[in-house]
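S.K.: need a structure here:
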Amino acid sequence: MIGTESKLWENLKTAAEGTPCRMTRIETSTCNGVSDVEYVTDNWHGWIELKTCSVQRDTSLFTLHSPYTTAQAQWLFDHHDPDKNLRSWLIIGRIGSRTWKEFILIPPRISVICLHIRKASRATVVFRRPGVIRCPTSQSVIQTLRGE
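M.R.: Numbers count the residues shown, from 1 in each chain. Here you go, the predicted structure:
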């Protein structure tokens, strides 16, 4: 199954190879809410919380495969200050039939609308908000992280 956070991580890590974007997967059970990935580019530093979702056939509803928690949202919010070149994101990988359909980059202030989504929710409420970036490929995610 392509739709795991581990597969999303592998996809982004592969896309970052050969670019000035360095990513490190963080796995900790000692601190609640720590984001999944730390990244450093030539211009930016930040954190990424990885989530995946399925989109219903009519594409207007989505369901997160694991919940986005208050602790995770707080971590991103506390580690986001564009004035200091620190940008953090909630990245949701949308799963297509056999591959990633698209990647949604959501800044911390907007990401709170994803808190505790447990059932199918309206994709347009989340994915079409101002400030949300929709990337068709993992390479375009890396370009966005780099500020291009």
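
S.K.: at which residues are the helices of this structure located?
M.R.: 5-16, 70-78, 108-111, 123-127, 138-145 (DSSP state H).

S.K.: do you know how far residue 76 is from residue 95?
M.R.: Per Cβ to Cβ, to the nearest Å, residue 76 is found 22 Å from residue 95. To be clear about C-beta, it is placed using only N, CA and C from the backbone, and glycine gets the same treatment.

S.K.: the two: which has the busier surroundings?
M.R.: residue 76 (25 against 22; other Cβ atoms under 10 Å).

S.K.: surely that one touches residue 50?
M.R.: No - applying Cβ atoms under 8 Å as the test, residue 76 and residue 50 come out as separate, 11.6 Å apart.

S.K.: quick one on the thing from earlier: looking at the helices of the chain, which one has the lowest mean pLDDT?
M.R.: With a mean of 70, helix 123-127 has the lowest mean pLDDT of the helices of the chain.
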